[in-house]
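> Dropping a prediction and its sequence here:
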Amino acid sequence: MIAAAIGGKATTPRPGLVASTGSEFLSSLPKLGIVSVPNGASVIYLKSRGNLRFQAVEGWRKTVNVNEKVDDFDDKFDNGHAGQNRSQLSTVGKSTNIKWQDCSVGKIDRQRLLKQKGCVIWITGLSGSGKSTVACALSQFLHQRGKMCYILDGDNVRHGLNRDLGFKAEDRAENIRRIGEVAKLFADAGVICIASLISPYRRDRDACRALLPDGDFIEVFMDVPLQVCEARDSKGLYKLARAGKIKGFTGIDDPYEQPLNCEIVLEHKGGDGASPCVMAEKVVSYLEEKGYLEA
Ligand SMILES: Nc1ncnc2c1ncn2[C@@H]1O[C@H](COP(=O)(O)OS(=O)(=O)O)[C@@H](OP(=O)(O)O)[C@H]1O
Ligand SMILES: Nc1ncnc2c1ncn2[C@@H]1O[C@H](COP(=O)(O)OP(=O)(O)O)[C@@H](O)[C@H]1O
């Protein structure tokens, strides 16, 4: 019992609640374990910076092996903020003296509500490769299945949040960085976020991948030859680029770096195999197989 540890109050334990304890009592506990509290419930806790942080209440106990590595435990139960030093003032970029504001309702709670897991599906490829079309088909399929998703399309975000950015390498990098951060927030909200943008540089895409827990960034490469994209030329941009009227156009006089190790490749093929619906279904199957369509 840790009655004394929480000041003798019969507090109802909930994930995120922090109990201050006497240092002697605290040092007698293992880093990770299960304790009983005055109202009789069992609570999984993690010892952190001189406190006990409650992680999950009774019922979860059956599915948790308390001997598992603390890092794994953090990933599962720290509501998606594992590893961040949230208790102290810190400096992040130009922001000084800031402190992470915590809340007892976290990612895991939102995912349960939505009956799905938040993640980012990052669709990359040349202009005209079919990114937006696949994003839209995927969104329709997920919506029909009662799954909450949201598309962040490069073209659309450049109408607002990123209207101050052009197409120089550093502008593209900033465009991708911002969309990566927004996508991360959507995933934290429990939403399946579909980011659809050329994102020509591997380094920029990898930086977005690094923002998310392992597995939650699903990179989808539209493997469509330049000649096919150029023949489609639905916006007439390739024609303008070839005529020298648009400078620095991806694939013409600006680079595109193909992914080396992406999760899904959507190949251009002749016939039915290349339809946007078949491509979107492939992504849905991946999500299903990896458990993203359930909480
Ligand atoms: N120079 C140049 N290079 C490539 N694309 C250009 C350029 N200028 C304008 N456009 C239009 O902008 C859309 C790409 O925006 P993105 O935000 O996806 O680009 S990036 O990820 O920052 O590279 C792209 O949309 P998509 O055709 O949907 O890819 C084009 O319509
Ligand atoms: N799988 C496909 N097969 C044939 N045409 C396609 C396919 N996907 C998209 N298209 C067509 O190609 C053009 C460019 O598609 P779009 O989704 O706008 O590409 P992006 O967003 O990569 O620029 C559109 O006219 C679209 O109808």
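Received the coordinates, thanks. Ligands and ions are numbered 1, 2, ... in the order given.
> ok, so what distance separates I194 from H143?
The span separating I194 from H143 equals 11 Å under the rule Cβ to Cβ, to the nearest Å. Glycine gets a C-beta too; all of them are placed from N, C-alpha and C.
> what touches both of these two?
A shared contact of I194 and H143, defined by Cβ atoms under 8 Å, 6 or more residues apart in numbering, is any residue touching both; here these are C149.
> Pick out whichever of those two has more residues nearby.
When I194 and H143 are compared on other Cβ atoms under 10 Å, the one with more neighbours turns out to be I194, at 29 against 11.
> Now do V157: how many residues are near it, please.
The local packing of V157 (other Cβ under 10 Å) involves 20 other residues.
> Check what pLDDT it gets.
V157 is assigned a predicted lDDT (pLDDT) of 98.
> That one contacts I176, correct?
No. With contact defined as Cβ atoms under 8 Å, V157 does not reach I176; the gap is 10.3 Å.
> any common contacting residues for the two?
Here V157 and I176 share the contacting residues L197, scored by Cβ under 8 Å, 6+ apart.
> Neighbours of the closest residue to ligand 1 within the stretch 51-200 of the chain, how many?
For the stretch 51-200 of the chain and ligand 1, the shortest gap (Cβ to the nearest ligand atom) falls at G154, measuring 2.3 Å. Residues lying near G154 (other Cβ under 10 Å) number 21.
> got it, and D204?
The local packing of D204 (other Cβ under 10 Å) involves 22 other residues.
> just the helices in the stretch 151-295 of the chain please.
Chain-ordered helices for the stretch 151-295 of the chain, with DSSP state H, counting those that start in this stretch as the definition, fall at 154-157, 169-188, 202-209, 226-232, 237-242, 276-289.
> Okay, buried residues for the longest one please.
Along helix 169-188, these residues count as buried under the neighbour rule (16 or more other Cβ atoms under 10 Å): 172-176, 179-180, 182-184, 186-188.
> name the helices or strands packed onto it?
Using 3 or more Cβ pairs under 8 Å, 6 or more residues apart in numbering; DSSP states H and E as the contact definition, the elements that helix 169-188 packs against are strand 119-124, strand 149-153, helix 154-157, strand 192-196, helix 202-209.
> Tell me which of the ones you listed lies nearest to Q101.
Of all the helices and strands packed on helix 169-188, it is strand 192-196 that lies closest to Q101, at 22.1 Å by Cβ to Cβ.
> picking that back up, pretty sure the residue of the stretch 51-200 of the chain closest to ligand 1 is in contact with R178, am I right?
No. When contacts are counted by Cβ under 8 Å, G154 is not listed as touching R178 (10.8 Å).
> any idea how far ligand 1 is from E281?
Summarising the geometry, the distance separating E281 from ligand 1, computed by Cβ to the nearest ligand atom, to the nearest Å, is 22 Å.
> Near that residue, how many other residues are there?
The burial metric for E281, expressed as a neighbour count using other Cβ under 10 Å, is 14.
> before we move on, what about L138?
The criterion is other Cβ under 10 Å. On that basis, L138 has 27 neighbouring residues.
> can you confirm it is in a strand?
No. Remark: L138 does not belong to a strand; assigned using DSSP: H, G, I helix; E, B strand; the rest coil, it is helix.
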